[in-house]
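> A predicted structure for the sequence below; I have some questions about it.
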Amino acid sequence: MALEQACMELIPKPWGSTDLLPWSGTGHSSVPVGELWFQRCDKHGPEPALLLKLLFTQEPLSIQVHPDDAAAHRMGLPRGKTEAWYILSAASDATVGVGLNAVVTREQLRTAIADGSIAQLIAWHKPAAGEIIAVPAGTIHAIGAGLVLAEIQQRSDTTFRLFDHGRARELHIEQGVAVAHADPIKRAVPPRRLSDVRTLLVANPYFVFERVDLPAGSIWELDARCETWLVAIAGAAAIGALQIGVGQGCFVEAQGVRIVPGEAGLSCLVAYDAAAPSRDLLRRVDGDGMPLFRETVSPPTGPPQAVASSPVPSTEARS
């Protein structure tokens, strides 16, 4: 059983930002921070299966790819890396790339990496705040400048860089070609309502990712039967004995915990170590407007509501 305020680990990156507000008031004006990792504060607890983090991009990241579990095991690594991004804010010219425009052979991919033309093969997209983007392991992808996003991933940061925008850093051509799916990504399942307060963003064999919007004046019971991470993206709440606000998170496992939203309510992202949504994850306990888990679901309408360490196995940090 565990209920912990998440410890926040700041990861400096040359493409990061010195202004993390409103997500974090920490940092240093002369050192750009690219990632904020939510870690367990109990260093004696078992290593989590998932890593939840925020990314802040002022410059584009490299075009890159991560291995799946099978490829990672062949390399002697414990797991691959499937991930998903929730866009918190996006500049008007911000882009992300996920998958390729067309199928190419491994030799064509190798050539495109070598001569830098891989950037023209990427399927680029302008994201919007509130959008969810699933990135299965093996998908060639890139995150552009001007974004703040929340990422949930398998707890590995094994990354193979394929293109680095002229930075004089090592590329991983053979490793990347070996693990990449050199084709367009399959169309993602759109978000869907699970109840009046729960929206399923992504469910895959490695994690479930949800957005939860709880109104002020309500009381809820969170049934965290497995490893569960929460990060507040609007409002505030008391979670058990903890208080969290925007940009703060907590870790819960094998425990029920009461959530009391603040005066502005609470909007949070919730990620847990399961392959399908939990019917019993959240229930209202103040007796008013008990939301039912929906067997038949429909896509949410309208934009989201406005805002009122154990080491990670790694061969290359995200860059």
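Yep, that arrived.

> just the CA trace of stretch 80-93, in PDB.
What follows is stretch 80-93 as a C-alpha-only set of coordinates in PDB (Å, rounded to 0.1, in the frame of the first residue of the first chain):
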ATOM      1  CA  GLY A  80      10.800  -1.400 -24.700                       C
ATOM      2  CA  LYS A  81       9.100   1.900 -24.800                       C
ATOM      3  CA  THR A  82       5.500   2.600 -25.900                       C
ATOM      4  CA  GLU A  83       4.400   6.100 -25.000                       C
ATOM      5  CA  ALA A  84       1.500   8.600 -25.300                       C
ATOM      6  CA  TRP A  85       1.500  12.400 -25.300                       C
ATOM      7  CA  TYR A  86      -1.300  14.700 -24.000                       C
ATOM      8  CA  ILE A  87      -0.800  18.200 -25.400                       C
ATOM      9  CA  LEU A  88      -1.100  20.900 -22.600                       C
ATOM     10  CA  SER A  89      -0.200  23.900 -24.800                       C
ATOM     11  CA  ALA A  90       1.000  24.400 -28.400                       C
ATOM     12  CA  ALA A  91       2.300  27.400 -30.200                       C
ATOM     13  CA  SER A  92       0.600  28.100 -33.500                       C
ATOM     14  CA  ASP A  93       3.500  26.800 -35.500                       C
END
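
> what mean pLDDT does that stretch get?
The pLDDT scores in stretch 80-93 average 98.

> kindly report the same for stretch 281-291.
pLDDT averaged over stretch 281-291 gives 81.

> same question for stretch 208-220.
Here the average pLDDT along stretch 208-220 is 98.

> distance between the ends of it?
Taking C-alpha to C-alpha, to the nearest Å as the measure, stretch 208-220 stretches 20 Å from start to finish.

> do the same with stretch 36-52
Counting by C-alpha to C-alpha, you get 9 Å between the two ends of stretch 36-52.

> hang on, S156 packs against D68?
No - look at S156 against D68 with C-beta atoms under 8 Å: they stay out of range, at 10.6 Å. For the C-beta atoms, the positions are set from N, CA and C on the backbone; glycine is no exception.

> neighbour-wise, which of the two wins?
The neighbour count for S156 versus D68, taken as other C-beta atoms under 10 Å, is higher for S156 (24 against 18).

> roughly how far does the more buried one sit from E210?
Going from S156 to E210 by C-beta to C-beta, to the nearest Å gives 22 Å.

> shouldn't D42 be in contact with A6?
No - using C-beta under 8 Å, D42 is not in contact with A6; the gap is 10.8 Å.

> more neighbours: those two, which one.
Shown here are D42 and A6; by other C-beta under 10 Å, A6 has more neighbours (20 against 12).

> remind me, longest helix of the protein?
helix 106-115 (DSSP state H).

> tell me where the stretch 1-150 of the chain has strands.
2-5, 7-17, 33-39, 50-57, 63-65, 83-90, 96-100, 122-125, 132-135, 141-143, 147-154 (DSSP state E, counting those that start in this stretch).

> can you put those strands in CSV and add distance to D115 and mean neighbour count?
As requested, the strands of the stretch 1-150 of the chain are arranged in CSV below (distance: least, C-beta to C-beta, whole Å; neighbours: other C-beta atoms under 10 Å):
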stretch, distance to D115, mean neighbour count
strand 2-5, 48, 18
strand 7-17, 23, 17
strand 33-39, 28, 22
strand 50-57, 25, 24
strand 63-65, 13, 24
strand 83-90, 28, 22
strand 96-100, 16, 22
strand 122-125, 15, 16
strand 132-135, 25, 22
strand 141-143, 17, 23
strand 147-154, 27, 24
